[in-house]
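> sharing a sequence plus its predicted fold:
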Amino acid sequence: MSQATLRTDRIELVPLSDEHLEHEIELDADPEVMRYLTGRARTREEVEEFHRGRLAAAERVPGLGFWAGLVDGRFVGWWILEPPSRADQGPVEGQAELGYRLLRRYWRQGLASEGARELLRHGFEDLGLTRVFAETMAVNTASRATMTAIGMRYVRTFHADWEEPLPGSDLGEVEYAITREQWLAAH
């Protein structure tokens, strides 16, 4: 199964491709966008390397991967459903990690949650996933609010090993999740 193109009222979610690279570079060049991820902007070379990894994510589990979000044909950010990559995240089968990253000019417009809701629907209805989880720094209140708004529940706080700790990393990372049963009960 290849990655599907998905649609919401405002967003067209298309499988990430090479044509989106310049947008990814713009996105990751904003230190505010990267505040809770790296604490700094990424270089073009770094983004090119991450881009290759993002494209490869679509080949690891059928139907999962990165999607570029377009509103009226304009790139606003990307969303992801990808299999767990660390042992503490649980089994790969039946699970996916949800993520999103938007250009700052599109923050606070409900787009992150709108796209994330569609990926939850796709994951549970179309792909038959049993659980979707998301992670962020405990101090990232905006992302935590998005996770709560789409029906995810707090699961745990854990501490990641940071080569260069970011401000607030001492408070840990948080995991939120929603199961297929919880999602179906709400829909």
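Now that the structure is in, tell me what you want to look at. Numbers count the residues shown, from 1 in each chain.
> name the residues of the longest helix seen in the chain that come out as buried.
Taking DSSP state H as the criterion, the chain has its longest helix at helix 44-60. Residues of helix 44-60 classed as buried by neighbour count (16 or more other Cβ atoms under 10 Å): 47, 51, 54, 55, 57, 58. Every residue, glycine included, has its C-beta placed from N, CA and C.
> residue 133 bridge partners, please.
For residue 133, the beta-bridge partners under DSSP bridges are residue 97, residue 177.
> got the contact list for it?
84, 89-90, 95-98, 152, 155, 175-178 (Cβ atoms under 8 Å, 6 or more residues apart in numbering).
> what bits of the chain have low per-residue confidence?
1 (pLDDT under 70).
> residue nearest the middle of it, spatially speaking?
residue 99 (1.0 Å; Cα atoms, centre = their mean).
> tell me who's in contact with it.
Contacts of residue 99 by Cβ under 8 Å, 6+ apart are 79, 80, 82, 134.
> repeat that for 7 Å
Neighbouring residues of residue 99 by Cβ atoms under 7 Å, 6 or more residues apart in numbering: 79, 80, 134.
> also residue 136?
Per Cβ under 7 Å, 6+ apart, neighbours of residue 136: 36, 143, 144, 173, 174.
> buried subset of those, written for ChimeraX?
In ChimeraX, this line selects whichever of these come out buried by 16+ other Cβ under 10 Å:
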select :36,143,144,173,174
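> chain center to stretch 45-64, what's the gap?
13 Å (Cα atoms, centre = their mean, to the nearest Å).
> sorry, slip of the keys, the one I care about is stretch 85-93.
Taking Cα atoms, centre = their mean, one finds stretch 85-93 lying 16 Å from the centre of the chain it belongs to.
> could you do stretch 35-47 as well?
Between the centre of stretch 35-47 and the centre of its host chain there is 16 Å, according to Cα atoms, centre = their mean.
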